[in-house]
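Undergrad: Next comes the sequence, and after it the predicted model I'd like to discuss.
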Amino acid sequence: MNDLVIVGAGGFGREMYHWARAAIAADQFKVKGFLSSSRDDLEGFAIDAPVLGDPEDYQPLPGERYLFAIGRIEVKRRIIETLRKKGAQFLSLIHPSAIVAQTAQIGEGVVICPFVTVSDHVKLDEFTMLNFYSSCGHDAHVGPYSILSPYATLNGFATIEHEVFLGTHATVTPSQRVGHHSKVSANSVVTHDVRPYTLVYGVPGRHQKLMQQRDDG
């Protein structure tokens, strides 16, 4: 049996705790604890696992495996890369209520939450997260570290590049591409290709340039 460590102890981390217990056999992994910058995150909640330390400082141990549960896309890549350089090995999680086609490609560290649909020949790159009831139509592609909020939808052949955030009920119409580091706000619809570092809002979606906060590297 390996130890399972959840990176993040906020609301998403607490959800991940319950999903992991539903999705992963108890004889394979035991939840050892959480990584968080705040030792108080779990106070007042019925979680039978401690905060082990800050994810930036924690030293992974042999036999530990990790699930990433921080929804802030701007810090996601940094923390994951810090832990991987120390040897951390991440698992992917697919909740048993999700529908995932056998032809789908699922990368390392992907999280597929309850009631998600991943259709034929979808590609989910590493560390993408699909929240409640989000969906990817046939041949869609989700780039690394990207997040689909609840009910967000990629239609057939749609692509979002790395570190893209789709808000609740956001929709990317068929064959459209959303450039890296872009954000599509809640209830908005992408009807044309989107350049990198762009905010899309409204129906049909209007485009506004975002400030580049760091290098892509």
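TA: That came in fine, so what should we check first?

Undergrad: Which segments of this structure make up each domain?
TA: 2-91, 94-209 (automatic domain parsing).

Undergrad: which of the ones you listed sits most buried?
TA: Comparing those on average neighbours per residue, with mean count of other C-beta atoms under 10 Å, the densest one is domain 94-209 at a mean of 20. Yep, even glycine has a C-beta here, placed from its N, CA and C like the rest.

Undergrad: what about that domain, how long is it end to end?
TA: Domain 94-209 has an end-to-end distance of 34 Å (C-alpha to C-alpha, to the nearest Å).

Undergrad: what do you get for stretch 105-125?
TA: End residues of stretch 105-125 are separated by 8 Å (C-alpha to C-alpha).

Undergrad: What is the distance between that stretch and the centre of its chain?
TA: Between the centre of stretch 105-125 and the centre of its chain there are 10 Å (C-alpha atoms, centre = their mean, to the nearest Å).

Undergrad: just stretch 109-129 next, same as before
TA: Worked out by C-alpha atoms, centre = their mean, stretch 109-129 lies 8 Å from the chain centre.

Undergrad: and the lowest-mean-pLDDT helix or strand in the chain, how far from the chain's centre?
TA: Every helix and strand of the chain was ranked by mean pLDDT, DSSP states H and E. The lowest is strand 206-209, at a mean of 84. Relative to its parent chain, strand 206-209 has a centroid offset of 24 Å by C-alpha atoms, centre = their mean.

Undergrad: residue ranges of the helices in this protein, please?
TA: Under the criterion DSSP state H, the chain contains helices at 11-23, 73-85.

Undergrad: Packing partners of the first one?
TA: Based on contacts counted as 3 or more C-beta pairs under 8 Å, 6 or more residues apart in numbering; DSSP states H and E, the elements that helix 11-23 packs against are strand 2-7, strand 29-35, strand 93-94.

Undergrad: Run through the neighbouring helices and strands of the least confident helix or strand of the chain.
TA: If contacts are counted by 3+ C-beta pairs under 8 Å, 6+ apart, strand 206-209 sits against strand 198-201.
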